[in-house]
Each structure stands twice: as C-alpha cells, then as structure tokens.
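[1] dropping the sequence and predicted coords here.
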Amino acid sequence: MYHFMAAGLGVLIALMITVNSRFAAALGNLPSSLLVHLTGLALVSLILLIRREEKTGITVPFYLRLGGFVGVSLVLFNNICFLALGASLTISLGIVGQTLGGQIVDATGFLGMKKHPFLPAKLPGWALVLAGALLMTGGSPGNWPYMVLAFVTGALVMLASVLNAQLGRRMGLFRATRINYIAGLITVGVLLLIFQTSLDSYRNLPEVPLLIILGGGTLGVLVTTGMNFVIPRIPAVYSTILIFLGQVSAGLLIDIAMTRSVSWPKTAGAAIILLGLFQKSRVDRRVRLRDAQA
C-alpha cells in the first residue's frame with residue numbers, strides 16, 4: 001500500500017507544481033504564493049482542530065522551523081521553471097538535484113540523518129541519470145539558467161524534506177506542517193513588503209477558477225504530510241523511484257495536454273533517468289541485505 005502511496009505522492013507533486021504555476025501566471029509569484037500559504041495554513045489548522053496531536057515536550061532547534069522558508073523558495077522557483085521549461089523537464093531536472101542532495105545527506109549524515117557512505121558501484125546509475133537529464137534538455141542552450149534553477153530547486157526539496165521530517169519527529173505530523181506554513185507565510189509577507197507589491201496584483205483574482213486558488217495550498221498540505229508519513233515506512237531504495245515515476249508520468253501527460261504533442265526526447269530521457277535510479281536502488285538494496293545478514 002505504501003508503495004502505491006509513494007507513486008501517488010509523485011503525481012500530487014506534479015499537479016501541485018502545475019496548479020501553483022497557473023496561479024502565479026494569473027496573479028504573479030508573490031501574491032499567489034501568499035494565498036497558497038494562507039490556504040495551506042487554514043487547512044492544516046482545521047485538521048488540527050478535528051484531530052488533535054499531543055505535544056511531545058521535545059526541544060526543537062530553531063533551524064528545524066525554517067522548512068517554510070525553503071518551501072517558499074520551492075514554490076517561486078518551480079513557478080519560474082515551469083513556465084520556461086514545461087512540467088516534465090522541470091520535474092526531471094528537479095529529481096536529479098533531489099537525488100544529488102539525497103546522496104550528500106546520506107554521505108554526511110546531514111542534520112542527524114542516518115549516514116550511508118557513497119558507493120562507487122552507483123556511478124553507472126549516476127551516469128544514466130545525467131545522460132537522461134541531458135537528453136531531456138533537448139540541447140537548448142538558451143534555457144540553461146532555468147535548467148540550473150530547476151536542478152537547484154530539486155536539491156532544496158531534499159533540504160526541506162530533511163527539515164520537515166526532523167521537525168515532524170519532534171512535534172507531530174500536522175503540528176510540524178502548521179509550523180511549516182506559518183514560517184512560509186511570514187517569509188512571503190516580508191518579501192511582499194520588500195518588493196512593495198500593491199493590492200492591484202489581486203485584481204485578476206475573480207477570474208481565477210476556485211480550484212486553482214485553493215488547489216496549491218491543499219495539495220501542499222497533502223504532499224508535506226504524505227511525505228512525512230510514507231517515506232519512513234518504505235525502504236529508501238524504492239521511494240525515489242516511485243515518487244519520480246509518479247511525478248514524471250504526470251508531468252509528461254501535463255505537457256501533452258498543454259502542447260497537444262509528445263516530446264520523445266523528454267520521454268526517452270525520463271526513461272533513462274528511471275533506469276539510472278533503478279541501478280542505484282539495486283546497489284542500495286544489495287548493501288541493505290548484506291548488512292541485515294551480517
């Protein structure tokens with residue numbers, strides 16, 4: 001069941017990026033992000049009223065509360081990349097960045113995560129991942145700044161995941177998610193003041209479908225809590241593959257729906273990335289079985 005949920009989370013992530021990008025195209029990045037975080041905060045607060053979580057009494061370091069700040073960056077960067085690159089390329093380059101970020105977290109034991117040394121046997125898998133990503137770019141040098149940004153955004157996903165997971169362990173699943181949205185809302189508010197965004201930015205709001213207005217925040221709560229719930233319950237060797245499979249499949253379908261055509265380089269590149277992730281997961285699985293038998 002958890003394996004299907006992981007793939008489903010990938011689909012939700014792709015939908016969230018799409019909805020947030022549509023919303024940003026109508027209102028602008030910061031105004032739409034403000035409403036996304038307000039929606040998410042309202043939803044998770046309602047959930048906590050219905051389903052109370054007891055306080056654990058565990059001291060929480062301040063830096064673990066910064067996941068919301070990182071989350072704002074993710075929303076803004078994904079919106080920019082989606083409009084410039086499309087759904088599938090944004091998602092795939094993000095997965096490459098996320099995979100590299102995960103490798104760094106594993107190798108260093110970042111923020112108290114379990115340490116896993118880098119294995120040279122994973123290099124063929126990395127080669128396939130990078131080759132697939134290059135194929136998906138289509139050799140378009142003009143878009144390289146957005147490609148780099150999509151890659152960095154993927155690495156930030158891993159940072160946000162680590163912060164949220166550690167916070168969730170100490171505070172509870174939904175209380176941690178609420179802290180995440182409060183921090184994000186404060187960050188967006190400060191940015192709106194800095195850039196002196198006027199209320200005129202919201203003049204197009206009545207023309208935006210309600211599903212788009214509420215969708216980003218709702219999907220964000222589902223993704224954040226879902227990741228914290230599912231990821232600890234399945235082996236890490238499968239989670240990246242399943243989430244990527246859900247993300248890139250949905251991303252390709254979204255691209256087809258928007259462009260009315262199939263991009264075979266993107267499709268082939270996604271398949272090669274998947275093969276690379278599968279090779280890396282087989283190495284991890286062999287190590288896990290070896291350690292279990294030792």
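    In hand now; what should we look at?

[2] next, the buried residues of the longest helix out of those in the chain.
    As assigned by DSSP state H, the longest helix anywhere in the chain is helix 264-293. Going by neighbour count (16 or more other C-beta atoms under 10 Å), the buried part of helix 264-293 is 266-267, 269-270, 272-277, 279-281, 283-284, 287. For glycine as for every other residue, the C-beta is placed from the backbone atoms N, C-alpha and C.

[3] where do the helices sit along the stretch 1-150 of the chain?
    2-27, 29-50, 67-85, 87-108, 123-137, 144-171 (DSSP state H, counting those that start in this stretch).

[4] among those helices, which comes closest to residue 214?
    Judged by C-beta to C-beta, the one of these that comes nearest to residue 214 is helix 29-50, at 5.4 Å.

[5] my read: residue 78 touches residue 91, true?
    No - checked against C-beta atoms under 8 Å, the pair residue 78 and residue 91 is beyond contact range at 9.1 Å.

[6] is residue 201 in a helix, a strand, or coil?
    With DSSP: H, G, I helix; E, B strand; the rest coil as the basis, residue 201 sits in helix.

[7] give me the number of residues near the spatially closest residue to residue 154 that is not a sequence neighbour?
    Once flanking residues are discounted, residue 154 sits nearest to residue 97: 2.7 Å by C-beta to C-beta, 6 or more residues apart in numbering. Residue 97 is flanked by 22 other residues according to other C-beta atoms under 10 Å.

[8] for residue 97, give me the pLDDT.
    You'll see residue 97 listed with a pLDDT of 85.

[9] now, which of the buried residues of helix 264-293 sits nearest residue 128?
    For the buried residues of helix 264-293, the nearest to residue 128 is residue 276 (3.1 Å; C-beta to C-beta).

[10] go ahead and confirm the closest one touches residue 133.
    No - Residue 276 is beyond contact range of residue 133, at 9.2 Å (criterion: C-beta under 8 Å).

[11] the longest helix of the chain packs against which elements?
    helix 87-108, helix 123-137, helix 236-259 (3 or more C-beta pairs under 8 Å, 6 or more residues apart in numbering; DSSP states H and E).

[12] circling back: which residues touch the residue nearest to residue 154?
    By C-beta atoms under 8 Å, 6 or more residues apart in numbering, the residues touching residue 97 are 150, 151, 152, 153, 154, 155, 156, 157, 158.

[13] the closest residue to residue 34 other than its chain neighbours and residue 124: what is the separation?
    Closest residue in space to residue 34, ignoring its immediate chain neighbours: residue 188 at 4.8 Å, by C-beta to C-beta, 6+ apart. Residue 188 sits 42 Å away from residue 124, going by C-beta to C-beta, to the nearest Å.

[14] of these two, who's got more company?
    Shown here are residue 188 and residue 124; by other C-beta under 10 Å, residue 188 has more neighbours (27 against 14).

[15] quick one on the thing from earlier: can I get the helices and strands packed on helix 264-293 in TSV with distance to residue 47?
    TSV is the format used below for those (distance: least, C-beta to C-beta, whole Å):
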stretch	distance to residue 47
helix 87-108	27
helix 123-137	36
helix 236-259	23
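
[16] where in the stretch 151-294 of the chain is pLDDT low?
    For the stretch 151-294 of the chain, residues meeting the criterion pLDDT under 70 lie at 231-238, 240, 288, 291-294.

[17] identify the residue nearest the most centrally placed residue in the chain in space, chain neighbours excluded?
    Taking C-alpha atoms, centre = their mean, the centroid of the chain lies closest to residue 157, which sits 4.8 Å from it. Excluding the flanking residues, the one nearest residue 157 by C-beta to C-beta, 6+ apart is residue 98, at 4.8 Å.

[18] which residues touch the one you found?
    154, 155, 157, 158, 240.

[19] tell me the one of the residues you listed nearest residue 169?
    residue 158 (16.7 Å).

[20] same for the helix or strand hosting residue 193, what does it pack against?
    Per DSSP states H and E, residue 193 falls inside helix 173-194. The contact analysis (3+ C-beta pairs under 8 Å, 6+ apart) places helix 173-194 against helix 29-50, helix 67-85, helix 144-171, helix 210-230.
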